[in-house]
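# This is a predicted model, with the sequence first.
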Amino acid sequence: MLSVLGIPFDENSSFLKGSAKAPQKIIEAFYSDSSNAFSENGFNCRDTKKIKIIDEVKLSSGDLAIEEIRNKAEDELGKGNNLISIGGDHSITFPLLQAHSTQYKSLNILHFDAHPDLYDNFENNPFSHASPFARIMENNLVKRLVQIGIRTLNNHQREQVNKFGVEVIEMKDFNSDLSFEFTGPVYISLDIDGLDPAFAPGVSHPEPGGLTTRNIINIIHSLKGDVIGGDIVEYNPIKDINDMTAITAAKLLKEIIGKIMKP
Ligand code: MN
Ligand code: MN
């Protein structure tokens, strides 16, 4: 069974709130009759014998929520389920990886984002959505972190990249022929702002010059490795136009489900 878990949490978003409203909108788009239920590799993503949608987990506020997210993820993984979480801001990835790292050894993360999210201390909030990958790396939760689509490195974040040995494919060096291979389980963390705002305007931190929807789908399809779970974060419905970002997030959700479930 694969669980899709909505996490309506945006308290650690530094600039704009709104991504807490994302899970409902993405799940609505996922079920919309404007499209059918299949991933491109032929998996029926609405097969209720294999896919369980948990619309939204109930959360407290503040640091307690981080603990609740970790516990809920541990529950699902403990049942032997795969898990894809729908945020919410990117801060949810730290507790989600804490949960996954207890179930999976030698984890890899494939991370799509405009931003490396490696700040040691952003506005005195250790759980900021600008810092989840610093927390993940300093706690040794994964053996390898590969970031794709990055186009906002400053000096501090370059130092963090070197300190943690992060493999960064900056957008300026990206080409569509790149393919990726991993040994051991792979977790996909997909920040919707890794896409160019032309494809996904509904984000809190739009950064022009990004990936196309097809770039991301092709990387997921061609990836060699055992994808076991992931998250889709940072969609902000307040900034969306005609639900186009919700529809894009739902499409990418289907493709990640298809990759995990291997029809
Ligand atoms: Mn981002
Ligand atoms: Mn991010």
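That came in fine, so what should we check first? Computed from a predicted structure; not experimentally measured. Numbering: from 1, shown residues only. Ligands and ions are numbered 1, 2, ... in the order given.
# tell me which residues in the longest helix along the chain are buried?
Secondary structure of the chain per DSSP state H: the longest helix is helix 244-261. Neighbour-count burial for helix 244-261 flags 245-261 (criterion: 16 or more other CB atoms under 10 Å). Every residue, glycine included, has its C-beta placed from N, CA and C.
# try stretch 176-190
Under 16+ other CB under 10 Å, the buried positions of stretch 176-190 are Phe180, Phe182, Pro185, Val186, Tyr187, Ile188, Ser189, Leu190.
# just these that are near ligand 2?
Among the buried residues of stretch 176-190, not one lies near ligand 2 by CB under 5 Å from the ion.
# Among these, which lie within strands?
Phe182, Pro185, Val186, Tyr187, Ile188, Ser189, Leu190 (DSSP state E).
# all helices of the protein, in order?
22-31, 63-78, 93-103, 132-138, 155-164, 213-222, 244-261.
# didn't Thr213 look like it was pressed against Ile192?
No - if you go by CB atoms under 8 Å, Thr213 and Ile192 don't touch, sitting 10.4 Å apart.
# where do the contact lists of those two overlap?
Ala200, Thr248 (CB atoms under 8 Å, 6 or more residues apart in numbering).
# Of the two, which one has the most company?
Ile192 (30 against 17; other CB atoms under 10 Å).
# ok, that one - contacts?
Ile192 makes contacts with Ala200, Gly202, Val203, Ile232, Val233, Glu234, Tyr235, Thr245, Thr248, Ala249, as judged by CB under 8 Å, 6+ apart.
# I'd like those residues laid out as a markdown table, including pLDDT.
Below are the contacts of Ile192 laid out as a markdown table (pLDDT from 0 to 100):
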| residue | pLDDT |
| --- | --- |
| Ala200 | 98 |
| Gly202 | 98 |
| Val203 | 98 |
| Ile232 | 98 |
| Val233 | 98 |
| Glu234 | 98 |
| Tyr235 | 98 |
| Thr245 | 98 |
| Thr248 | 98 |
| Ala249 | 98 |
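# The residues you listed: which two are farthest apart?
Taking every pair in these and measuring CB to CB, the maximum separation is 13.5 Å, between Val233 and Thr248.
# circling back: go through the helices of the chain and name the closest to Ser3.
So among the helices of the chain, helix 63-78 is nearest, using CB to CB, at 4.7 Å.
# possible to save the ones in strands among the buried residues of stretch 176-190 as TSV with pLDDT and distance to ligand 1?
Supplementary listing: these in TSV, determined by pLDDT from 0 to 100; distance: CB to the ion, whole Å:
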residue	pLDDT	distance to ligand 1
Phe182	98	22
Pro185	98	24
Val186	98	20
Tyr187	98	17
Ile188	98	15
Ser189	98	10
Leu190	98	10
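# Of the residues you listed, just say which sits nearest to ligand 2.
Ser189 (7.9 Å; CB to the ion).
# Just give the closest residue to the closest residue to ligand 2 within the stretch 1-150 of the chain, not the sequence neighbours.
Ligand 2 sits closest to His90 of the stretch 1-150 of the chain, with a gap of 3.6 Å, by CB to the ion. In space, and not counting its chain neighbours, His90 is closest to His129: 4.2 Å by CB to CB, 6 or more residues apart in numbering.
# same thing with Pro201?
Pro201 sits nearest to Ile241 (CB to CB, 6+ apart), 5.2 Å away.
# Is it correct that that neighbour is in contact with Gly202?
Yes - applying CB under 8 Å, one finds Ile241 in contact with Gly202, separated by 7.1 Å.
# Neighbour count: those two, which is higher?
Set Ile241 next to Gly202 and count neighbours by other CB under 10 Å: Gly202 wins out with 27 against 9.
# closest point of the stretch 1-150 of the chain to ligand 1, which residue?
His115 (3.8 Å).
# For that residue, give me its contacts.
Ala130, Ile150, Thr152, Asp191, Asp193, His205, Glu207.
# let's go with 10 Å and repeat that
Counting by CB atoms under 10 Å, 6 or more residues apart in numbering, His115 touches 90, 129-130, 133, 147, 149-153, 157, 191, 193-194, 205, 207, 234.
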